[in-house]
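Asks: Would you be able to build a 3D model of this:
(chains A and B)
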There are 2 protein chains.
Amino acid sequence: MVELYYWPTIQGRGEFVRLALEAAGVPYRDVAREKNGMAAMQAVMDAAREQHPAYAPPVLRDGDLLIGQTANILLYLGRAHGLAPRAEAGRLWAHQLQLTIADVVAEAHDTHHPISVSHYYEDQKAAAKKRARDFIEARIPKYLGYFERVLENSKGANAVGARLSYVDLSLFQLVEGLRYAFPRAMARQEGNWPRLVALRDRVAQLPAIAAYLRSKRRVPFNEDGIFRRYPELDR
Amino acid sequence: MVELYYWPTIQGRGEFVRLALEAAGVPYRDVAREKNGMAAMQAVMDAAREQHPAYAPPVLRDGDLLIGQTANILLYLGRAHGLAPRAEAGRLWAHQLQLTIADVVAEAHDTHHPISVSHYYEDQKAAAKKRARDFIEARIPKYLGYFERVLENSKGANAVGARLSYVDLSLFQLVEGLRYAFPRAMARQEGNWPRLVALRDRVAQLPAIAAYLRSKRRVPFNEDGIFRRYPELDR
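Replies: The predicted structure follows:
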């Protein structure tokens, strides 16, 4: 069975992998949420034990393969489970979009940790307010406007090609995360991206995803994850 | 002929692509450095003209393919020009390392722009000093220590497999960039990563790379790029 290793109490970057596994109906273990799971997660990142240790979670094990980096895991799962186009051009395009999603996710994280991941939010709140303001006013419109144009260019309802891909799932999660972290800013801006919002709604209604979102396998958003609701950062 | 589109006056993320093209001996045009090149670069990112517009440079055009995101371009070039393992496990591992390099490159950028890419460095210098301190004390050792262990685990002199890959070229560029931006911090820390420094030296001596580095095609480091020498940020 496929094994996912990721922080057990947050959605974080692991959630993009969980959504792909759930949508494709791949049986998997969410190892770090099991008993002694954190030790197992540390072990797969140990260079003394693993030939290909990851720098950070999430990590996916599938047979002999141990794969790190969220977008790289999705590149693999997309091919193995039909969640990406098969032809090279479509496969690269899907991956390009995923890497752009990864960029905005990293920037969303840095709104609450603009100085250091090692320090508390409270110790960098002044810089966080400035960065969050720029993120809301400049970065969210630029990134989500870009994805809206991508959806406008795509032939069908999905981001890439005629079928559902991991990019659709990740765009769903991006909108969900931004809505959680910045509800007021998103409410004000969402009218600019009707295709993106419609895509989010369609993904939420996919039977496999709807069932997952209702289950305990979906960790709730919280203030330890990437998307955090700090009202003082939302404008 | 392959066309690279990237900001003409900086190394930036485009340099990872330039190094791969140069090492593989692929003839290419560095389009934005040609006459009217900036307009051509804008055009490939225009969703009204291109089906697959990139969010940001670098962009590579090869025949019908238009590819964005640095690591994605390298994924493509690695396969097309023998700069990555052919088997899936090695190909994914190389890409995973490249994505981790992309992460530390993004963090290096944010040392001088921790608040906003739209504002001047001078207007965020106080936060930059704090972020650079954390980057030097916590992030450089963690990332470069990781790559050192990867090199320790690899069988030969290269990061991935028996042959040169784009990962080796990118690690060269990472060390060069960090040395440029943080000469004092790197001088103090480099003894901790003998394999990484030896790899940097070997890449610099590859005939194709040595010739490139001496040529005018190599844009010098400067304070408009990702790696910037601001002495007040170096400790």
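Asks: show me where chain A has strands.
Replies: Remark: strands assigned in chain A by DSSP state E are A:2-5, A:28-30, A:59-62, A:65-68.
Asks: Check which helices and strands the last one sits against.
Replies: Meaning strand A:65-68. strand A:59-62, helix A:70-80, helix B:88-112 (3 or more Cβ pairs under 8 Å, 6 or more residues apart in numbering or on different chains; DSSP states H and E). Where C-beta positions appear, they are placed from N, C-alpha and C, glycine not excepted.
Asks: want to throw those into a markdown table with distance to A:Gln11 and mean neighbour count?
Replies: Formatted as a markdown table, the helices and strands packed on strand A:65-68 follow (distance: least, Cβ to Cβ, whole Å; neighbours: other Cβ atoms under 10 Å in any protein chain shown):
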| stretch | distance to A:Gln11 | mean neighbour count |
| --- | --- | --- |
| strand A:59-62 | 16 | 23 |
| helix A:70-80 | 12 | 24 |
| helix B:88-112 | 19 | 22 |
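Asks: Export those to TSV and append columns for mean pLDDT and distance to B:Gly145.
Replies: TSV is the format used below for these (pLDDT from 0 to 100; distance: least, Cβ to Cβ, whole Å):
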stretch	mean pLDDT	distance to B:Gly145
strand A:59-62	98	18
helix A:70-80	98	21
helix B:88-112	98	11
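Asks: Looking at the ones you listed, which is nearest to A:Arg133?
Replies: helix B:88-112 (16.3 Å; Cβ to Cβ).
Asks: Nearest to B:Val31, out of the helices and strands packed on strand A:65-68?
Replies: Closest to B:Val31 of these is helix B:88-112 (Cβ to Cβ; 22.4 Å).
Asks: what inclination does that closest one have with respect to helix A:88-110?
Replies: Here helix B:88-112 points in a direction 40 degrees away from that of helix A:88-110 (axes from the mean of the first three to the mean of the last three Cα atoms, to 10 degrees).
Asks: and A:Gly68, bridged to which residues?
Replies: A:Gly68 forms beta bridges with A:Val59, as assigned by DSSP bridges.
Asks: do the same with A:Asp30
Replies: A:Leu4.
Asks: surely it meets A:Ser215?
Replies: No - here A:Asp30 lies out of contact with A:Ser215, judged by Cβ atoms under 8 Å, at a distance of 11.4 Å.
Asks: Which of those two has more residues huddled nearby?
Replies: A:Asp30 (18 against 9; other Cβ atoms under 10 Å in any protein chain shown).
Asks: Can you add distance to B:Asp224 and give the strands of chain A back as a markdown table?
Replies: Below are the strands of chain A laid out as a markdown table (distance: least, Cβ to Cβ, whole Å):
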| stretch | distance to B:Asp224 |
| --- | --- |
| strand A:2-5 | 40 |
| strand A:28-30 | 44 |
| strand A:59-62 | 37 |
| strand A:65-68 | 32 |
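Asks: neighbours around A:Lys35, how many?
Replies: 7.
Asks: scratch that, A:Tyr146
Replies: A:Tyr146, neighbours per other Cβ under 10 Å, totals 21.
Asks: which residues touch the nearest residue to it once chain neighbours are set aside?
Replies: Spatial nearest neighbour of A:Tyr146, chain neighbours left out: B:Tyr55 (5.1 Å); criterion: Cβ to Cβ, 6 or more residues apart in numbering or on different chains. Shown in contact with B:Tyr55 (Cβ atoms under 8 Å, 6 or more residues apart in numbering or on different chains): A:100, A:103, A:143, A:146, B:45, B:68.
Asks: hang on, isn't the third one packed against A:Val105?
Replies: Spelled out, that is A:Tyr143. No - under the criterion of Cβ under 8 Å, A:Tyr143 makes no contact with A:Val105, lying 9.8 Å away.
Asks: can you count the residues close to A:Val17?
Replies: 28.
Asks: Next: A:Tyr230.
Replies: Residues near A:Tyr230, counting by other Cβ under 10 Å: 16.
Asks: can you tell me how far it sits from B:Gly225?
Replies: 33 Å (Cβ to Cβ, to the nearest Å).
Asks: Could you do A:Gly78 as well?
Replies: 33 Å.
Asks: show me where chain A has helices.
Replies: Along chain A, counting by DSSP state H, helices occupy A:14-24, A:37-44, A:70-80, A:88-110, A:125-134, A:140-153, A:166-181, A:183-189, A:194-205, A:207-214.
Asks: Return the set of buried residues in the second one.
Replies: To tie it back to what came earlier, the one meant is helix A:37-44. A:37, A:40-41, A:44 (16 or more other Cβ atoms under 10 Å in any protein chain shown).
Asks: So what's the residue count around the residue nearest to A:Pro27 when sequence neighbours are not counted?
Replies: Using Cβ to Cβ, 6+ apart and skipping residues adjacent in sequence, the residue nearest A:Pro27 is A:Met1, 5.3 Å away. Around A:Met1 there are 8 other residues, counting by other Cβ under 10 Å.
Asks: which residues sit against stretch A:136-151?
Replies: Applying Cβ under 8 Å, 6+ apart, the contact partners of stretch A:136-151 are A:97, A:100, A:103-104, A:107, A:159, A:171, A:174, A:178, A:182, A:185-186, A:189, A:192-196, A:199, A:234-235, B:47, B:53, B:55, B:116, B:118.
Asks: Kindly report the same for stretch A:200-213.
Replies: Against stretch A:200-213 from outside (Cβ under 8 Å, 6+ apart): A:18-19, A:22-23, A:25, A:157, A:164, A:168-169, A:171-172, A:175-176, A:218.
Asks: Looking at those residues, which has the smallest pLDDT value?
Replies: Within these, pLDDT reaches its minimum at A:Ala157, with 86.
Asks: Tally up the residues packed near that one, please.
Replies: Counted with other Cβ under 10 Å, A:Ala157 comes out at 13.
Asks: who touches it in this structure?
Replies: A:198-199, A:202.
Asks: One more: A:Ala24?
Replies: Per Cβ under 8 Å, 6+ apart, neighbours of A:Ala24: A:77, A:81-83.
Asks: Just the buried ones from those residues, in PyMOL syntax?
Replies: A single PyMOL command suffices to select whichever of the contacts of A:Ala24 are buried according to 16+ other Cβ under 10 Å:
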select buried, chain A and resi 77+81+83
